[in-house]
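Novice: Return a 3D structure for these sequence lines:
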Amino acid sequence: MKLPSKIGFSGKMTAGKTTISNLLAKEYGYVVLPIGGRIKKVSNLLIEDRSELKKYLLDILPKENVNKVSVPVEVVLSNLEKLYERYFTSSISLHGVHNVFVKDYNGIYQKNDYYRNLTQKVGSNVRAVFGEDVWVRILLNEAELLIKQGKKVICDDIRLEVEYDLLNEQNYTLIRLDVDPEVQRNRILDLYKTYNDEALTHPTEIALDNTYFKHRFNTSVDSVNTTFSEIDSLLKGGINLTRPSWDEHFLRRAELNSEMATCERLKVGAVVVKDKKVIGDGFNGSPKGQPHCTDVGCLKNEEGRCIRTLHAEYNAILQSDRHLLKGATIYCTHEPCENCTKNIVQAGIARVVFRNAYTNKYNSYFNKSVQWEHKPYHEDK
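Specialist: Numbers count the residues shown, from 1 in each chain. I've put the predicted structure just below:
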C-alpha cells in the first residue's frame, strides 16, 4: 500500500479538516502543516512579543516574495502594529488583554470573535503586501524540507484559489470537506457558544466553495470519524495520482459552472483561461434583474431556442479583463453557437475547447481563425 506523500485539505469551519488531518497523522505518520498555523503564530507574537515577531517574519517570509515587492520587514511589522492599535486597543483598555484574547488551560488562544478577527486581518495584511500566495509559499517551503527527509505531509486549511492552484501544480492530493450551513451553525454554537455571520462570509471562508475537487466529502450527515474511515479506505485503495491535463482541469471547472445555469433547456458552463489562470467564468442565465427560466419558464423563438438567457461563453467573456482576452483559451461544456463564436473571435480568444458537440452549420463560417478542439471524454473514465 503506497500512500500519497502530499495531501491538502480544504473545507468550511467545523467540517472536520483538522480532526481528520490529526487522525491521519496518528495512523500513518503524516506531518500536519496548517496554513492558518503560521498566521496564528504571527498573531500570537503580535499580542505577546514584537521583537520575536520581527525575527519570525524574517525567518519565514519567502525570499522570492520579499524580493519581488522590496518591502522591508520593518514596514510589515509597523503595519501589523497599526492594525492591532486600530481594531483591538480600545477593547483591551476596557476589558484587559487576557479577557480579549483568552487562553485555555493548555495556553492556546480560544477562537473567540476577537482572535478570529485578528487572524483574518493579519493574514489579509501580509497578503496585501507580499501577494495572495505568500502564506502557502511559506508552508510549501516547510513541506519541501520535510519531504526531502522522507516525511509525508498534510497541508491543512487551504482557503484561496492561489493556494489550491499551487498545491495542485505540485501534485498534492486535494480533498474538500463540506458541511451544510445549519449543521455548521449548530457545531459552532456547541463549540464557541457564539455565531458570527460576518466571519463566516469572509473571503477566506467562501473562496473555494465552488472549486472542483476530485475527492469531496460532506460531513453534515456522517460523523467526522465516519468521514475519516471513508478517506482512510480511499487512501488504502490507492488514489490515482496522475494529474489531469490542464485542458481536463478547466473543462471540469466549466462543468462546475454549468451547475449554476438557470435555463432549463440546457445547462452550459464556460471558463476563460490565460497562462493557466482563470480570468472569467460564465454560465447561461438571464440578464441582471430579469426573471430566470427556472422561475418562469423558457422564452423560445420559432426554432425552439431559448432567447431569455445570455449564453455561458458570452457571460465568461463579459466577466474577463478585456486586456487579457487576446490569445486566451475558452473552455465550454458545449460547442458554442454561431453568435458566441463571433463574440469569441471578436474578443481575440485563440482557442476553443469543448466537451459536448452541438452541431451548428454556421460555425464553420466564423471559427477559421481560432483553434477548435472537441474533447468528449473525461480522462479518468
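
Novice: where exactly do the strands run in the protein?
Specialist: 6-11, 31-34, 153-158, 173-178, 215-218, 269-274, 277-283, 329-334, 351-356, 371-374 (DSSP state E).

Novice: need the contact list for residue 45.
Specialist: By Cβ atoms under 8 Å, 6 or more residues apart in numbering, residue 45 lies in contact with 52-53, 56. C-beta: built from backbone N, CA, C; applies to glycine.

Novice: Mind putting those into JSON lines with neighbour count and pLDDT?
Specialist: Shown next, in JSON lines, are the contacts of residue 45 (neighbours: other Cβ atoms under 10 Å; pLDDT from 0 to 100):
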{"residue": "52", "neighbour count": "12", "pLDDT": "95"}
{"residue": "53", "neighbour count": "22", "pLDDT": "94"}
{"residue": "56", "neighbour count": "17", "pLDDT": "93"}
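
Novice: would you turn those into a markdown table with distance to residue 172?
Specialist: Shown next, in a markdown table, are the contacts of residue 45 (distance: Cβ to Cβ, whole Å):
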| residue | distance to residue 172 |
| --- | --- |
| 52 | 31 |
| 53 | 29 |
| 56 | 25 |
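
Novice: of all those residues, which comes closest to residue 135?
Specialist: Closest approach to residue 135 among the contacts of residue 45 (Cβ to Cβ): residue 56, at 13.5 Å.

Novice: picking up where we left off before, want to throw the strands of the chain into JSON lines with distance to residue 315?
Specialist: JSON lines is the format used below for those (distance: least, Cβ to Cβ, whole Å):
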{"stretch": "strand 6-11", "distance to residue 315": "26"}
{"stretch": "strand 31-34", "distance to residue 315": "37"}
{"stretch": "strand 153-158", "distance to residue 315": "27"}
{"stretch": "strand 173-178", "distance to residue 315": "25"}
{"stretch": "strand 215-218", "distance to residue 315": "25"}
{"stretch": "strand 269-274", "distance to residue 315": "7"}
{"stretch": "strand 277-283", "distance to residue 315": "3"}
{"stretch": "strand 329-334", "distance to residue 315": "11"}
{"stretch": "strand 351-356", "distance to residue 315": "15"}
{"stretch": "strand 371-374", "distance to residue 315": "20"}
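
Novice: Rebuild those as TSV, extending it with mean pLDDT, distance to residue 72 and mean neighbour count.
Specialist: TSV is the format used below for the strands of the chain (pLDDT from 0 to 100; distance: least, Cβ to Cβ, whole Å; neighbours: other Cβ atoms under 10 Å):
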stretch	mean pLDDT	distance to residue 72	mean neighbour count
strand 6-11	94	32	26
strand 31-34	95	27	18
strand 153-158	93	28	25
strand 173-178	90	35	22
strand 215-218	85	42	17
strand 269-274	95	33	27
strand 277-283	94	29	21
strand 329-334	94	40	26
strand 351-356	92	43	20
strand 371-374	87	46	13
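
Novice: Quick one: closest of the ones you listed to residue 104.
Specialist: Residue 104 lies closest, by Cβ to Cβ, to one member of the strands of the chain: strand 31-34, at 17.4 Å.

Novice: Tell me the strands beside that closest one, with direction?
Specialist: strand 153-158 (parallel) (DSSP bridges).

Novice: between the partner strand and strand 173-178, how many degrees?
Specialist: Between strand 153-158 and strand 173-178, the angle comes out at 40 degrees (axes from the mean of the first three to the mean of the last three Cα atoms, to 10 degrees).

Novice: CA atoms only for strand 153-158 - export them in PDB, please.
Specialist: This file holds the C-alpha atoms of strand 153-158, laid out as PDB (Å, rounded to 0.1, in the frame of the first residue of the first chain):
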ATOM      1  CA  VAL A 153       2.900  15.900   4.800                       C
ATOM      2  CA  ILE A 154      -0.700  17.300   5.100                       C
ATOM      3  CA  CYS A 155      -1.200  20.900   4.200                       C
ATOM      4  CA  ASP A 156      -4.400  21.700   6.200                       C
ATOM      5  CA  ASP A 157      -6.900  24.500   5.800                       C
ATOM      6  CA  ILE A 158      -6.500  25.500   2.100                       C
END
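
Novice: That one: how far from the chain's middle?
Specialist: Here strand 153-158 is found 13 Å from its chain centre; the criterion is Cα atoms, centre = their mean, to the nearest Å.

Novice: Also stretch 141-156?
Specialist: 21 Å.

Novice: May I see the buried residues of it?
Specialist: By 16 or more other Cβ atoms under 10 Å, the buried positions in stretch 141-156 come out as 142-143, 146-147, 152-156.

Novice: Can you add distance to residue 84 and give those residues back as JSON lines?
Specialist: Listed next are the buried residues of stretch 141-156 as JSON lines, based on distance: Cβ to Cβ, whole Å:
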{"residue": "142", "distance to residue 84": "26"}
{"residue": "143", "distance to residue 84": "29"}
{"residue": "146", "distance to residue 84": "32"}
{"residue": "147", "distance to residue 84": "35"}
{"residue": "152", "distance to residue 84": "37"}
{"residue": "153", "distance to residue 84": "32"}
{"residue": "154", "distance to residue 84": "31"}
{"residue": "155", "distance to residue 84": "28"}
{"residue": "156", "distance to residue 84": "26"}
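
Novice: just the contacts of residue 45 now: which is nearest residue 86?
Specialist: Lowest distance from residue 86 to the contacts of residue 45 (Cβ to Cβ) belongs to residue 53, with 17.2 Å.

Novice: got a list of what that closest one touches?
Specialist: Residue 53 touches 42, 45-46, 77, 80, counting by Cβ under 8 Å, 6+ apart.
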